[in-house]
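Undergrad: how would this look folded up:
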Amino acid sequence: MGDLSSCCALCPLTSLLLLIQLPTGGSAGLCCRRVMSWVSTVGFFVTGPLDPIVAVLGGDTELPCHLFPPISAEDMELRWFRSKSSEAVFIYQNRVEQNEGQMARYAGRTSLVSDFLAQGQAAVRIQRVQVSDNGLYTCFFRKGGFYEEASLELKVAGVGSAPQVRITGPEEDGVRVVCTASGWFPKPQVQWRDLSGEKFPAFSEAHSQDAEGLFSVEVALVVRDSSAGNVTCSVLNTVLDQEKAMAIFIPEPFFPQASPWKLAFLVSLTVLMALLLGAGYYTWREHFGKLLVMQGKENLRLVKEQDWRTKEEVLKDTDELRTELGWRKSAYLAAWRKAQLYADWRKEKFQACE
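TA: Now for the predicted structure:
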């Protein structure tokens, strides 16, 4: 196989059929003769489509592979799988389809296209294509102890709903419009255009995927040119090159700068605000002055009340002092009289004794 491997650098398997038609002279022709000799004595090659297979979401598609040379594959084991052989999409063995070992999500959705199986051409038909079917596959052909395989790619694409465009209101001296669409795969490309076909830059863009893997998109745009008129939102599936679009007309009065009364309104609003502030200040000042006067009167009343209470307390204390002095004077006089009577009594006693 050393000569074969070095030869394959000059004669790729994917171009083998073309190179067979080249003149037998030269290294390429010699390479092909060696490959043909190896195939006739050893086995076969398996080839698949070079370009990705495009499948429409919900429809049917086929994953073809064929043998070179074109020998019968009726008695071979055929298998289509994903990233590893255990992830079987379809199995054909002993001339019948085998359900054992097949991935659950492909059960009941696959079948063998066997019209040209005797000529070495086979394909698996996948029905009701889903988003999860998108990706790489391997087709595997085995005869006895010899086997070969080839890789192929399936691109699933789906066109969803037509875009819906609506005006959400003024913003940043312009009008904000929003475009929404759902049910697309893969993620669609969204563009805004004016009447002349010129593209607008997107104001914001957001994507999301549902449980089935389908994309929803929401793109917002702020239109600041009041002469723009119609703006168109287009949603494009780049795989199928299919587009859906919707236009919306933005009336000129929707634009803030389009109103001739805007300046007058702003001036009037400014003057009104100044008047309101002035009136508010004057009212506050007058009210504050009244509060000061009332506060002064209240303070004066409190001072007078405090003075009256002080005088009342002084008079009360004076009365108490006078009462106490009167009582003391009475007690002193009573004591003096007792002392005087005692002195007279003693004098009488002493005189009687003599």
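Undergrad: Using the record's assignment, carve the protein into domains.
TA: Domain assignment for the chain by automatic domain parsing gives 1-42, 44-156, 164-258, 262-354.
Undergrad: Let me see the backbone angles for the closest residue to Ser227 other than its chain neighbours.
TA: In this structure, Ser227 finds its nearest non-sequential neighbour in Glu252, 7.8 Å apart by CB to CB, 6 or more residues apart in numbering. Every C-beta, even on glycine, is put in place using the N, C-alpha and C of the backbone. Torsion angles at Glu252 (phi, psi; degrees, to the nearest 10) stand at phi -60, psi -40.
Undergrad: now swap in Lys187 and tell me
TA: Lys187 adopts backbone torsions of phi -60, psi 120, taken as degrees, to the nearest 10.
Undergrad: now it: how far from Gln209?
TA: 9 Å (CB to CB, to the nearest Å).
Undergrad: what sits in contact with each of these two?
TA: In terms of CB atoms under 8 Å, 6 or more residues apart in numbering, Lys187 and Gln209 are both contacted by the residues Phe215.
Undergrad: Kindly list the single helix or strand of this structure that scores lowest on mean pLDDT.
TA: Within the chain, no helix or strand scores below helix 2-8, which has a mean of 40 by mean pLDDT, DSSP states H and E.
Undergrad: What ranges does the stretch 51-200 of the chain have for its strands?
TA: Using DSSP state E, counting those that start in this stretch, the strands of the stretch 51-200 of the chain run over 53-56, 61-68, 77-81, 88-93, 96-98, 110-113, 121-126, 135-143, 146-157, 164-171, 174-184, 189-193, 199-200.
Undergrad: among those strands, which is nearest Leu333?
TA: Evaluated over the strands of the stretch 51-200 of the chain, closeness to Leu333 peaks at strand 164-171, with 105.1 Å, by CB to CB.
Undergrad: Off-centre distance for that closest one?
TA: Its chain's C-alpha centre and that of strand 164-171 lie 19 Å apart, by CA atoms, centre = their mean, to the nearest Å.
Undergrad: Tell me the strands beside that strand, with direction?
TA: Sheet neighbours of strand 164-171, with direction, are listed as strand 174-184 (antiparallel) (DSSP bridges).
Undergrad: Show residues contacting the partner strand.
TA: Contacts to strand 174-184, defined as CB under 8 Å, 6+ apart, come from residues 158-170, 188, 190, 192, 203, 210, 214-224, 231, 233, 235, 237, 244, 246, 248, 250, 254-256.
Undergrad: Let me see the backbone angles for Phe44.
TA: Dihedral pair for Phe44: phi -150, psi 170, per degrees, to the nearest 10.
Undergrad: got a list of what it touches?
TA: Leu67, Phe68, Pro69, Ile71, Gly120, Phe141, Lys143, Phe146, Glu148.
Undergrad: try 10 Å this time
TA: Phe44 is in contact with 66-71, 73, 76, 120, 141, 143, 146-148, counting by CB atoms under 10 Å, 6 or more residues apart in numbering.
Undergrad: Looking at the residue positioned nearest the centre of the chain now. What's its pLDDT?
TA: The centroid of the chain falls nearest to Ala206 when counting by CA atoms, centre = their mean (6.3 Å). pLDDT recorded at Ala206 is 93.
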